[in-house]
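Peer 1: My questions concern the predicted model and sequence given below.
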Amino acid sequence: MNNSPLISPEQLAAQLGAADLLIVDCRFELADPARGARAYGEAHLPGAVFADLDRDLSDLSKRGLGRHPLPDASAFSAVLSRWGWAPATRVVAYDDAGGSLAAARLWWMLKAVGARAIAVLDGGFKAWREAGLPLEAAVPQRTPTQVRVDFDAAQIVYTDTLQQLGDAALLLDARGAPRFRGEVEPIDPVAGHVPGARNRPLTDNFDAHGRYKSVDALRTEFAALLGSRAPREVIHMCGSGVSACVNLLAMEHAGLTGSRLYAPSWSGWISDPSRPVATGS
C-alpha cells in the first residue's frame, strides 16, 4: 500500500495472504446492528476479521458523547491485540457501503492512534464481489498481540472545544441535506444542525459506481467549501461521529490533510437541551 487512504479490489487481491496484512470487515447497519456479523459469517474477504461498530469501535456506555462514543484507548488496544495487530501491520478496512460507514471510522481511529499503513477498500464488499474475487466463510485464526495505543487528542474535538473555537473553525456536517436543514430526523430526537455548520453530504464524495471521486474532483469541491481556510481549520461531524470520517478521508485522499473530527457530533450536541439548534440552509 502507498500513502493513499484507498485501495482498489484488484490491488488488495494481489496482496492476499501477506503475513503483515490485516483485513477488517466493518459491515454494519443501524436498523439491524446484528446484520453485519451475520453477513460476515456467511461470506467475507479471505483472512478478514470482523469489527462490530457498537462493541469494537464504540463505547455505548458513555453518556452525553453521542450515539457512538469513541472507546477508551485501553479498550481499543484490547481489540487490536485480539486481532493480532502490531504497529508494522498493514490494515485494509471494508464495509458494504463503499467504505462510507464503519470502515472509514476504523481508518480514522487507526490514524488517530498513529498507525501508518491503513486504507479503505474503495467500493467496499460490493466492488470486491462484482470483480469476481474470492470469498470465504471460515473465521481466521490470528495470533494475538499485546499492544498499547493512545488516541492523539489533537485530532479529536469535543463540545467544549468546539464552542470555544466558534468562527475560528469550519464545521462540515456529513448528514444528508434534509436532515441538516431539519426537515426530517429519522434517528435523533432533535432535528437541525449546529449553528454555523455547513453541509457536505457524505454521498457527494462518491461517483455513480459507488467509488470515491478522483483526487482532482474532490480537491476542487472541498476547495470551494474551504475558501481561504486551511484544512487544519476544518472539523467534521455527522449524526454520531461515524460517517463524518468519510469527509475526512475524502479530504485526505485529495491531499487536504490535517482536519479533525467532532467525535460526539449531532447526537452529542443535542444531549444538552440548552445548546442552540439551527434549521434551514
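Peer 2: It's in. Numbering: from 1, shown residues only.
Peer 1: Now do the SS call for residue 172.
Peer 2: Assigned with DSSP: H, G, I helix; E, B strand; the rest coil, residue 172 falls in the strand class.
Peer 1: can I see the domain layout of this protein?
Peer 2: 6-130, 153-269 (automatic domain parsing).
Peer 1: For those domains, could you give me TSV that also reports mean pLDDT, distance to residue 275 and mean neighbour count?
Peer 2: The C-beta positions use only the backbone N, C-alpha and C, and glycine is treated the same way. Shown next, in TSV, are the domains of the chain (pLDDT from 0 to 100; distance: least, CB to CB, whole Å; neighbours: other CB atoms under 10 Å):
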stretch	mean pLDDT	distance to residue 275	mean neighbour count
domain 6-130	96	11	19
domain 153-269	97	6	19
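Peer 1: out of those domains, nearest to residue 145?
Peer 2: Residue 145 lies closest, by CB to CB, to one member of the domains of the chain: domain 6-130, at 5.1 Å.
Peer 1: Start and end of that closest one, how far apart?
Peer 2: By CA to CA, to the nearest Å, the extent of domain 6-130 from end to end equals 18 Å.
Peer 1: export stretch 202-213 as CSV, just CAs?
Peer 2: In CSV, the C-alpha atoms belonging to stretch 202-213 read as follows (Å, rounded to 0.1, in the frame of the first residue of the first chain):
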residue,chain,number,x,y,z
LEU,A,202,-21.0,12.2,2.6
THR,A,203,-22.7,10.9,-0.6
ASP,A,204,-21.1,13.8,-2.5
ASN,A,205,-17.7,12.0,-2.2
PHE,A,206,-18.8,9.1,-4.5
ASP,A,207,-19.2,8.6,-8.2
ALA,A,208,-22.1,6.8,-9.9
HIS,A,209,-20.4,3.5,-9.3
GLY,A,210,-20.0,3.9,-5.6
ARG,A,211,-16.3,4.6,-5.7
TYR,A,212,-14.6,7.7,-4.3
LYS,A,213,-14.3,10.5,-6.8
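Peer 1: For that stretch, give me every contacting residue.
Peer 2: 6, 98-100, 122-124, 126-127, 174-176, 218, 221, 238, 243-244, 246-247, 249-250, 253 (CB atoms under 8 Å, 6 or more residues apart in numbering).
Peer 1: can you pull the contacts of residue 17?
Peer 2: Contacts of residue 17 by CB under 8 Å, 6+ apart are 46, 47.
Peer 1: how close does it get to residue 91?
Peer 2: When CB to CB, to the nearest Å is applied, the distance between residue 17 and residue 91 equals 15 Å.
Peer 1: And for residue 244?
Peer 2: In terms of CB to CB, residue 244 sits 20 Å off from residue 91.
Peer 1: and if you look at residue 148?
Peer 2: 17 Å.
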